[in-house]
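S.K.: no sequence on this one, just coordinates:
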């Protein structure tokens, strides 16, 4: 089978690897598409320290069930059925304790991050059967790769607890910010504005039905009041830099809430006195619960036309190196790049 191997930082190569075989309780998925995540790009450059040369990355994927390991119920997970997988794998002995907050399990392993696990930038991947979710057969199969980033957004929005009548600011119009917009609309929020410097991303977000602001044109707090008529009740920072967190705090009302889901920097500088005296709340958001992932999967199955504009490019594995290099240089497209593994017969 073909696999994209991080042979060195800034270098991905298509390598022939043996097709893996599922063990007891495991499922072999034939990959249709895998999205390039920002964390994959940081792994490609070596910036985040969470990926290593020799690794096969990838965790935003969809495909079909190719084979079942011993003990997997074929009536629940039929061979040939369209499926995706939740990459957050919780040890069975921790599943009950961390039910509903699987992302907090200390023994969790994230497929695509765990260095010793072959992930899904490949023709095939093995995952635990308990992490496999069937997809709506009517959903274009490649769009199943958008479920994972939407799950990130669903979790972040849930932590922000927006009421439908509240005003919400999203900072950052990349794939996670775009997914946050979709998740807010799913939650019934109507008054949404998004801040983004890149004009192509602002155009994409505008097509989703929200107002896109250019933070280079004026102070963001002023632009938000002009667009919403008042400061935001909730801000969701999908960038995660000191300047964007500063914008999130200054553009929210007294007593407002900020959710930090972007991971642009490992350290942030915050105005502690202002947070205290203005009683703003900041909450961090990381990955999702199993229920968040299932909810995102079900929602995309019924709203394919709403998420389809989030995909900007479909590339074969042989062009992935070029796509990663462009994204690392800040020259990628407005939306998500998906690496397609199913556009020709796949080798065994």
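M.R.: That came through, no problem. The shown structure was predicted, so the numbers you read here are calculated from the model rather than taken from an experiment.
S.K.: C-alpha only now, for contacts and for neighbours.
M.R.: Noted.
S.K.: contact partners for residue 221?
M.R.: By C-alpha atoms under 8 Å, 6 or more residues apart in numbering, the contact set of residue 221 is 231, 247, 250-252.
S.K.: run through the protein and note the low-pLDDT ranges.
M.R.: 344-348 (pLDDT under 70).
S.K.: any idea how far the most centrally placed residue in it lies from residue 305?
M.R.: In the chain, the residue lying closest to the centroid (C-alpha atoms, centre = their mean) is residue 149, at 2.2 Å. Note on residue 149: its distance to residue 305, by C-alpha to C-alpha, to the nearest Å, is 17 Å.
S.K.: coming back round to it: does the residue nearest to the centre of the chain touch residue 177 like I think?
M.R.: No: applying C-alpha atoms under 8 Å as the test, residue 149 and residue 177 come out as separate, 9.6 Å apart.
S.K.: quick revisit: who are the contact partners of the residue nearest to the centre of the chain?
M.R.: By C-alpha under 8 Å, 6+ apart, the neighbours of residue 149 are 60, 175-176, 179.
S.K.: doesn't residue 170 make contact with residue 177?
M.R.: Yes: counting by C-alpha under 8 Å, residue 177 touches residue 170, with 6.6 Å between them.
S.K.: quick one: the helices in the chain?
M.R.: Assigned helices in the chain, in chain order: 38-45, 147-160, 175-186, 199-207, 220-228, 242-250, 272-277, 290-302, 304-307, 320-328 (criterion: DSSP state H).
S.K.: residue 95: which of those helices is closest?
M.R.: helix 290-302 (10.5 Å; C-alpha to C-alpha).
S.K.: burial measure for the closest residue in space to residue 31 that isn't next to it in sequence, as a count.
M.R.: Closest residue to residue 31 apart from its sequence neighbours, by C-alpha to C-alpha, 6 or more residues apart in numbering: residue 63 at 4.2 Å. Look at residue 63: counted by other C-alpha atoms under 10 Å, it has 30 neighbours.
S.K.: give the residue farthest from the middle of this protein.
M.R.: Most distant from the centre of the chain: residue 277, at 33.9 Å, with distances by C-alpha atoms, centre = their mean.
S.K.: need phi/psi at residue 190.
M.R.: Here is the backbone geometry of residue 190 (degrees, to the nearest 10): phi -110, psi -40.
S.K.: excluding chain neighbours, give the residue nearest to it in space.
M.R.: Nearest non-adjacent residue to residue 190 (C-alpha to C-alpha, 6+ apart): residue 164, at 6.4 Å.
S.K.: cool, and residue 59?
M.R.: Using C-alpha to C-alpha, 6+ apart, the closest residue to residue 59 is residue 112 (5.0 Å).
S.K.: count of neighbours near the one you found?
M.R.: 24.
S.K.: okay but it is in contact with residue 119, surely?
M.R.: Yes: under the criterion of C-alpha under 8 Å, residue 112 makes contact with residue 119 at 5.0 Å.
S.K.: what is in contact with the two at once?
M.R.: Shared contacts of residue 112 and residue 119, counting by C-alpha under 8 Å, 6+ apart, come down to 56-59.
S.K.: any chance of these in CSV, plus neighbour count and distance to residue 209?
M.R.: Below are these laid out as CSV (neighbours: other C-alpha atoms under 10 Å; distance: C-alpha to C-alpha, whole Å):
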residue, neighbour count, distance to residue 209
56, 25, 37
57, 30, 33
58, 25, 30
59, 25, 28
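S.K.: residues near residue 171, how many?
M.R.: There are 30 residues near residue 171, going by other C-alpha under 10 Å.
S.K.: partners of it in the sheet?
M.R.: On the basis of DSSP bridges, residue 171 is bridged to residue 195, residue 237.
S.K.: go ahead and measure how far stretch 127-141 is from the middle of the chain.
M.R.: Taking C-alpha atoms, centre = their mean, to the nearest Å, one finds stretch 127-141 lying 17 Å from the centre of the chain it belongs to.
S.K.: buried stuff in that stretch?
M.R.: 127-129, 131-136, 139, 141 (16 or more other C-alpha atoms under 10 Å).
S.K.: let me know the closest of those to residue 260.
M.R.: For the buried residues of stretch 127-141, the nearest to residue 260 is residue 131 (26.2 Å; C-alpha to C-alpha).
S.K.: I figured the closest one hits residue 90, correct?
M.R.: No: with contact defined as C-alpha under 8 Å, residue 131 does not reach residue 90; the gap is 9.2 Å.
S.K.: quick one: the strands in the stretch 51-200 of the chain?
M.R.: Assigned by DSSP state E, counting those that start in this stretch, the strands in the stretch 51-200 of the chain fall at 60-68, 82-85, 88-89, 109-110, 124-128, 132-134, 167-171, 191-195.
S.K.: could you count how many residues lie near the residue lying closest to residue 340 once chain neighbours are set aside?
M.R.: Spatial nearest neighbour of residue 340, chain neighbours left out: residue 33 (4.4 Å); criterion: C-alpha to C-alpha, 6+ apart. Residue 33 has 32 neighbouring residues, counting by other C-alpha under 10 Å.
S.K.: that's all I had, so thanks and see you.
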